[in-house]
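# I need the structure of the sequence given here:
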Amino acid sequence: MQNNMLAMILAGGRGSRLHDLTNKVAKPAVSYGGKYRIVDFPLSNCANSGIDVVGVLTQYESVLLNSYVAASGRWGLDSKDSGVYVLPPREKADANLDVYRGTADAITQNIDFIDTFDPEYLLILSGDHIYKMDYSEMLSFHKEKNADATIAVIGVPMKEASRFGIMNTDAEGKIVEFEEKPAKPKSNLASMGIYIFTWKVLRKILLADMKLPDSHHDFGKDIIPAFLNEGRTLMAYEFKGYWKDVGTIDSLWEANMDLLDRKNPLNLNDSRWRIYTEDVPALPQYFGPEAVVSNAYITQGCKVEGTVKNSVLFTNAEVAPKAQVIDSVLMPGAVVEEGAVVTRALVADGVRIGKGAVVGSADSENILLVAKRVKGVE
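Residues are numbered from 1 along each chain as shown. Got it, this is the predicted structure:
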């Protein structure tokens, strides 16, 4: 095992704030960026960081996600000494069957799996964020500081800090206090949900936490405070690149629209840090003779015969003649029929907007999710 570090991706969240997008699909399997799925990012980061054993902890609406991540070869993690392992919850003796009780419980239930590989370090990742990161650099920092735990943080605007778990640090970057969504934050260093633990230390604290009847079995609420209470060394590793929590319709739309910015540091075309995904067979893009396209991110298989402005079109999306797509995201297979107008909307996979229909508004405060067929003019 390279770096003697194993990764565990927490991919079991319900994703309720994404509404109908996660009714039948787990949040990490939601489409993003034209041809990717959200979970491609932590998996690709692991592959690019030299981490060859990854456990993906799944739970809600996980059938598609399970089959997707089981194809380890997509990320080059299918050699004899590497692999992606799907880890659903185990049954318990009580009434709470087949569910992880919290983020820490998800790891505790899989201690036997982790022990099989005997790692010195454990990397724990959220499965629903968009970013590129070299975890080997974070591990080097963890070793250099002789830390028991290292938490990746990113500076957020102070006015938004109360939405996050906030790390208060000393001048050396040592975490002295952790506050979960504080009303009056003292710092703007937000947890990214990326942790490196020295495994023997974490294992001991997880087993102790399991016996506490009042514990939430959660890293933010229980495990990190336990480390601090024991006087363990916790370090903040500050990340400077692009990072997006795509937990809401608006933030998912924003993350896609960021791709239209040529200065966006994410750069999905960077061959030095590839984001690997499923190779879906599709024809090249087609633009009709009357198509009008400006500032758009259009993926293979798309057919554009109308107007597309400031929008992102995923694989096999279609825009018919005289249709308009403005400030919007069309997910895979979405179709906008002749004369329809779509503005400030996110159109879900395979949804059809009928002829002449009008959805969304340039003046709307929030992005409209279109998850069901919209009838057009008969």
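# contacts and neighbour counts: CA atoms only from here.
Fine.
# and the longest helix along the chain, how far out from the chain's middle?
When the chain is parsed with DSSP state H, its longest helix is helix 199-210. Relative to its parent chain, helix 199-210 has a centroid offset of 26 Å by CA atoms, centre = their mean, to the nearest Å.
# that helix - contacts with which helices or strands?
Applying 3 or more CA pairs under 8 Å, 6 or more residues apart in numbering; DSSP states H and E, one finds that helix 199-210 contacts helix 103-108.
# before we move on, back to that, would you mark the buried spots in the longest helix of the chain?
Neighbour-count burial for helix 199-210, counted by 16 or more other CA atoms under 10 Å, picks out W199, L202, R203, I205, L206, D209, M210.
# tell me which two in the residues you listed are the farthest apart.
W199 and M210 (16.2 Å; CA to CA).
# which other residues reach stretch 301-311?
The contact list for stretch 301-311 (CA atoms under 8 Å, 6 or more residues apart in numbering) reads 257, 260, 282-297, 313-329, 338.
# where helices are concerned, which of those residues count?
Using DSSP H, these in helices are M257.
# of the contacts of stretch 301-311, just the buried ones, PyMOL syntax please.
Only the buried entries of the contacts of stretch 301-311 go into this PyMOL selection, using 16+ other CA under 10 Å:
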select buried, resi 257+285+291+293+296+297+313+314+315+316+317+318+319+320+321+322+323+324+325+326+327+328+329+338
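# same question for stretch 144-156, mean pLDDT?
In this model, stretch 144-156 has an average pLDDT of 96.
# how about CSV for the buried residues of helix 199-210, with pLDDT and distance to V246 added?
As requested, the buried residues of helix 199-210 are arranged in CSV below (pLDDT from 0 to 100; distance: CA to CA, whole Å):
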residue, pLDDT, distance to V246
W199, 97, 29
L202, 97, 28
R203, 97, 30
I205, 96, 30
L206, 96, 28
D209, 94, 30
M210, 91, 30
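# for N366, give me phi and psi.
Here is the backbone geometry of N366 (degrees, to the nearest 10): phi -110, psi 160.
# quick one on the thing from earlier: what are the contacting residues of the longest helix of the chain?
Residues outside helix 199-210 that contact it (CA under 8 Å, 6+ apart) are 104-105, 108, 111, 119-122, 148, 215, 217, 222-223, 226-227.
# go with 10 Å
For helix 199-210, the external contacting residues (CA atoms under 10 Å, 6 or more residues apart in numbering) are 5-6, 104-105, 107-109, 111, 114-115, 118-123, 148-149, 196-197, 215-219, 222-224, 226-227, 230, 232.
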